[in-house]
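**Student:** please find the sequence and the predicted model below.
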Number of protein chains: 2
Amino acid sequence: MKIAVIGAGNVGGALGKLWAGKGHEIMFGVPDPKSDKLAALLQSIGGKARAASVAEAAAFGDIAVLATPWPAAEAAIAAAAGRLAGKILVDCTNPLAPDLSGLVIGTDTSAAEAVARWARGAKVVKAFNTIGAANFADPRFGSAAASMFIAGDDAAAKSVVSGLAAELGFDPVDTGPLLAARWLEPLAMLWIHLAFKQGLGPTSHAFRLLRRQV
Amino acid sequence: MKIAVIGAGNVGGALGKLWAGKGHEIMFGVPDPKSDKLAALLQSIGGKARAASVAEAAAFGDIAVLATPWPAAEAAIAAAAGRLAGKILVDCTNPLAPDLSGLVIGTDTSAAEAVARWARGAKVVKAFNTIGAANFADPRFGSAAASMFIAGDDAAAKSVVSGLAAELGFDPVDTGPLLAARWLEPLAMLWIHLAFKQGLGPTSHAFRLLRRQV
């Protein structure tokens, strides 16, 4: 697939690199595609990814991944200038307070629902927000795979995103409509709280949805 | 232990019955201890539990468990009339909207923190809220135990509650101070959403915190 990765920080950089390794065509969309940081990232991916403006990347991708910090999300979508309409837009953001003490959006709505309002016509799927990016390369914890919780209103779009999560080794879990992001964003806070307030660190823990036949 | 179980619905009834089976002394505290419903519950427990007023139960217990519906929680604590001070109070509540569509408290505070304000002097521990009560008797999902997420400001109190969770077969997870309930109450909503909005039902799924050495 042609994947536009909007944002090239921890989350976007890890996803772009890993999916490039699986044979996908990656274009990072960033405000400054010629920066040294981007050059280093592209070098680490070995020529299987490119960098461009957000608008160019959005035009390139069959699917786009929003992986900016939350305060930059609205401007990034505006920079895509309507090129996301009709496409899958994977929302990886979390509306974090700057000191990681909490969320700036409560449970009456969600960052994902804001993204869907801003990216009119895109098929928004919440994913890749409930575990730190340092685990994307290795989502196995002993004999169990971490779950990747997914929410969205378009079943076909969720199926594509589930496939991208499974390619990385995650156990994809469809949690239903996009409004389930109201529970997935606090789940991300629980992961972050355990990692950075409780001292577990960035790679020691993950959530899994256990299931059984009833 | 002498355990006061305040509320005798699905959650309190299941916990009281199971802990009675483990040899604990159980007293249910309810507004109407002589009701037919209580008589049937006590009968099902086979004489190893009693029912009394909330104040009597609170005075009896070494530890108390708040298992009322959220709208009844403040009045139940008031009915305990100060007898919870200095004791462990396990808060099992979730501040659910009546139609289960969401939470009436967002992520800036939590039901647990409200309980701590109302039950002045009690050592409040959030627990037994992130999975349906129908799983309390059997928290194993295949080869894995469901996690029981616990939060509280008193380490010794959390240790006691972790022990009570482990007695039922849960994997206890200490998530830190009571304010972590801000993330555990939305986690309960995710469980409820999957059970009753997404059709998984009350006994097919549970969360587990995966861990690995790093």
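**Tutor:** On my side now, so go ahead. Numbers count the residues shown, from 1 in each chain, chains lettered A, B, ... in the order given.
**Student:** going by C-alpha atoms from here, please, whenever you check contacts or count neighbours.
**Tutor:** Noted.
**Student:** got the residues of chain A near chain B?
**Tutor:** Within reach of chain B by C-alpha under 8 Å from any C-alpha of the partner chain, chain A has these residues: A:102-103, A:105-108, A:141-142, A:144, A:146, A:175-176, A:180, A:182-184, A:186-187, A:189-190, A:193-194, A:198, A:203-214.
**Student:** pull out the buried residues from stretch A:152-168.
**Tutor:** A:152-153, A:157-158, A:161-162, A:164-166, A:168 (16 or more other C-alpha atoms under 10 Å in any protein chain shown).
**Student:** how close does the closest residue to residue A:167 other than its chain neighbours sit to residue B:212?
**Tutor:** Nearest residue to residue A:167, sequence neighbours excluded (C-alpha to C-alpha, 6 or more residues apart in numbering or on different chains): residue A:22, at 7.7 Å. According to C-alpha to C-alpha, to the nearest Å, residue A:22 and residue B:212 sit 25 Å apart.
**Student:** then residue A:122?
**Tutor:** 37 Å.
**Student:** equivalent analysis for residue A:172, please.
**Tutor:** Taking C-alpha to C-alpha, one finds residue A:172 at 20 Å from residue B:212.
**Student:** what of residue A:62?
**Tutor:** 36 Å.
**Student:** which phi and psi does residue A:25 have?
**Tutor:** Reported as degrees, to the nearest 10, the phi and psi values for residue A:25 are phi -90, psi 120.
**Student:** on that earlier part again, buried among the residues of chain A next to chain B? Need that as a selection in PyMOL.
**Tutor:** Buried residues within the residues of chain A next to chain B, by 16+ other C-alpha under 10 Å, are selected in PyMOL with:
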select buried, chain A and resi 102+103+105+106+107+141+146+175+176+180+182+183+184+186+187+189+190+193+194+203+204+205+206+207+208+209+210+211
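**Student:** and the spatially most central residue of chain A, what does it touch?
**Tutor:** Nearest residue to the geometric centre of chain A (C-alpha atoms, centre = their mean): residue A:92, 2.8 Å. Applying C-alpha atoms under 8 Å, 6 or more residues apart in numbering or on different chains to residue A:92 gives the contacts A:11, A:65-67, A:126-129.
**Student:** for chain A, what spans make up the strands?
**Tutor:** Counting by DSSP state E, the segments of chain A that form strands are A:2-6, A:25-29, A:49-52, A:63-66, A:88-91, A:123-126, A:140-141, A:144-145, A:147-152, A:171-174, A:205-211.
**Student:** give me the distance from the second one to the chain's centre.
**Tutor:** Going back to what we said before, that points to strand A:25-29. Relative to the centre of its chain, strand A:25-29 is centred 14 Å away, using C-alpha atoms, centre = their mean, to the nearest Å.
**Student:** what is the neighbour count of residue A:72?
**Tutor:** 12 (other C-alpha atoms under 10 Å in any protein chain shown).
**Student:** from residue A:181, how far out is it?
**Tutor:** 19 Å.
**Student:** likewise for residue A:206?
**Tutor:** The value you get for residue A:206 to residue A:181, if C-alpha to C-alpha is used, is 18 Å.
**Student:** and residue A:12, by the same measure?
**Tutor:** On the measure of C-alpha to C-alpha, residue A:12 and residue A:181 end up 19 Å apart.
**Student:** what about the two, which has more around it?
**Tutor:** residue A:181 (29 against 23).
**Student:** so who does that one touch?
**Tutor:** Residues near residue A:181 by C-alpha under 8 Å, 6+ apart: A:110-113, A:126, A:151.
**Student:** of these, which is the most crowded?
**Tutor:** Within these, neighbour counts (other C-alpha under 10 Å) peak at residue A:126, which reaches 33 neighbours.
**Student:** so what's it bridging to?
**Tutor:** residue A:91, residue A:151 (DSSP bridges).
**Student:** residue contacts, it?
**Tutor:** Here residue A:126 is in contact with A:90-92, A:112, A:149-152, A:178, A:181 (criterion: C-alpha under 8 Å, 6+ apart).
**Student:** what of residue A:27?
**Tutor:** Residue A:27 touches A:2-5, A:16, A:49-52, A:57, A:60-61, counting by C-alpha under 8 Å, 6+ apart.
**Student:** what about the residues you listed, which one has the most neighbours?
**Tutor:** Neighbour counts for these (other C-alpha under 10 Å) peak at residue A:4, which has 31 neighbours.
**Student:** how much space separates that one from residue A:117?
**Tutor:** 20 Å.
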